[in-house]
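Visitor: What shape does this take:
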Amino acid sequence: MNLNHVFVCGNPALDFAATLRARRSARFEMFVTPDRLDAWYVESGIVDVVSSPSRRADVELATSVREAIYQLVTARRLGEEFDDEALAVVNDAAREPSAVPRLTRSGRRTEATPVEALSVVARHAVEVLSGPDVPLLKECGNPECTRVYIDRSRGMRRQWCGMESCGNKIKAAAYRARKKGTPAVAPH
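Guide: Below you'll find the predicted structure:
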């Protein structure tokens, strides 16, 4: 069930918030079906197995938590006050029982219900939004991308969420523009 989600933001909650792509333009939804949500939980490393497949209600809850996380991350990044409703959504999800890893003969294994997996994501959001990485939160410089990532680069000079996803596109566009003699679209 590998659906090739992208994890470039430096924190599972930020990667989760980025599952609605291109928020300012095309708005590409990654969680179009319950199995895509389950795949995200597994591919992110939050769980090894989703013990009971997600249903449409799980997707609706996950997208409401995702949007609350994005709203809170944006507020924190811009130095604005948190929205009370978004806070309640994230805190309610974080309050649920969480996925618990267990040790097996072959190593660590984490099985969780969709609600337990979502609780892990919400707890990551609480940590990133209240911890030392807050000053490192940046939005991707690609005008089409709305991912927020933790910039741990030397001198905090990282401009894109990831070179493979956005950096190469911007650099290639700038190169083509230079070759044509026209100005390139500058990252914001």
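Visitor: Grab the longest helix from this structure for me.
Guide: Criterion DSSP state H: the longest helix present in the chain is helix 56-78.
Visitor: was I right about A117 contacting A39?
Guide: No - using C-beta atoms under 8 Å as the test, A117 is too far from A39 to be in contact (11.4 Å). C-betas here are computed from N, CA, C, even on glycine.
Visitor: more neighbours, those two?
Guide: A117 (29 against 20; other C-beta atoms under 10 Å).
Visitor: can you count the residues close to the closest residue to the more buried one other than its chain neighbours?
Guide: Counting by C-beta to C-beta, 6 or more residues apart in numbering, the nearest residue to A117 once its immediate chain neighbours are dropped is Y41, at 4.3 Å. Per other C-beta under 10 Å, the neighbour tally for Y41 reads 27.
Visitor: Make sure Y41 is indeed in a strand.
Guide: No - counting by DSSP: H, G, I helix; E, B strand; the rest coil, Y41 falls outside a strand, being helix.
Visitor: ok, it - contacts?
Guide: 47, 50, 112, 114, 117 (C-beta atoms under 8 Å, 6 or more residues apart in numbering).
Visitor: could you redo the last one with a cut-off of 10 Å?
Guide: With contact set as C-beta atoms under 10 Å, 6 or more residues apart in numbering, Y41 has these partners: 5, 12, 16, 47-50, 54, 62, 99, 110, 112, 114, 116-118, 120-121.
Visitor: again with D83
Guide: Here D83 is in contact with 68, 71-72, 74-75, 89 (C-beta under 10 Å, 6+ apart).
Visitor: Would you map the helices across this structure?
Guide: Under DSSP H, the chain gives helices at 12-17, 34-43, 56-78, 84-95, 114-130, 168-180.
Visitor: Tabulate the ones you listed in a markdown table, adding columns for distance to S25 and mean pLDDT.
Guide: What follows is those, written out as a markdown table (distance: least, C-beta to C-beta, whole Å; pLDDT from 0 to 100):
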| stretch | distance to S25 | mean pLDDT |
| --- | --- | --- |
| helix 12-17 | 17 | 97 |
| helix 34-43 | 21 | 96 |
| helix 56-78 | 16 | 97 |
| helix 84-95 | 23 | 98 |
| helix 114-130 | 25 | 98 |
| helix 168-180 | 14 | 56 |
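Visitor: I69 versus the spatially closest residue to V128 that is not a sequence neighbour, what's the distance?
Guide: If the residues on either side of it in the chain are set aside, V128 comes closest to N11, at 4.7 Å by C-beta to C-beta, 6+ apart. According to C-beta to C-beta, to the nearest Å, N11 stands 10 Å off from I69.
Visitor: Same check on A88?
Guide: In terms of C-beta to C-beta, A88 sits 13 Å off from I69.
Visitor: More neighbours: which of the two?
Guide: More crowded of A88 and I69, by other C-beta under 10 Å: I69, with 27 against 11.
Visitor: Who are the contact partners of the more buried one?
Guide: Here I69 is in contact with 13-14, 16-18, 86, 89-90, 93, 121-122, 124-126, 128-129, 148 (C-beta under 10 Å, 6+ apart).
Visitor: Sounds good, over and out.
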